[in-house]
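# give me coordinates for this.
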Amino acid sequence: MQLHDLAPAPGSTKERKRKGRGPGSGLGKTAGRGYNGQKSRAGGGKGAGFEGGQTPLARRLPKLPGFRNINRVEFVPVNVSRLELAYADGDVVDGDSLAAKGIIKKADALVKVLGDGELSRKLTVRVDKVSASAAAKIEAAGGKVESPC
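Coordinates of the predicted model:
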């Protein structure tokens with residue numbers, strides 16, 4: 001078998017309709033649109049969302065209130081109480097270790113440590129942001145907060 005021998009199965013393909021190509025084609029003159037009326041015209045028809053003259057759904061529903069900032073940066077919050085339970089003395093807290101312990105879902109997520117709870121362990125924290133109260137608790141416990149915070 002050669003490449004030029006390949007052909008579709010008999011009856012599996014059909015010619016496209018060539019509308020408006022004369023009376024002999026069977027689709028000449030009105031090109032299958034019938035005679036007069038809105039749907040026979042170019043660009044005719046009602047359009048998406050038309051509901052027969054009834055007020056369309058898009059106009060019946062109220063606009064949503066407020067404003068959504070497209071530049072908003074979302075941080076995953078992690079409290080120091082959670083660090084107290086999950087880490088041992090002298091551990092390093094970063095995205096990889098938080099994801100490994102199941103505290104956050106993705107290691108590359110932006111994390112902010114918040115100051116809810118108590119901390120007695122000496123930890124080195126390397127996350128994206130740390131609140132002032134959390135930084136105070138970490139340093140009071142003997143740990144340190146490193147950049148990029």
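
# next, count neighbours for Leu123.
Residues lying near Leu123 (other C-beta atoms under 10 Å) number 23. All C-beta spots, glycine's among them, are computed from the backbone N, C-alpha and C.

# which ones are touching the most centrally placed residue in the chain?
Centroid-nearest residue in the chain: Ile70, 12.6 Å away (criterion: C-alpha atoms, centre = their mean). By C-beta atoms under 8 Å, 6 or more residues apart in numbering, Ile70 lies in contact with nothing.

# and the pLDDT at it?
Ile70 carries a pLDDT value of 94.

# and Cys149, by the same measure?
Note on Cys149: pLDDT of 55.

# repeat that for Ser131.
On the pLDDT scale, Ser131 gets 96.

# just to be sure, Lys112 is in a helix?
No: read with DSSP: H, G, I helix; E, B strand; the rest coil, Lys112 is strand and lies in no helix.
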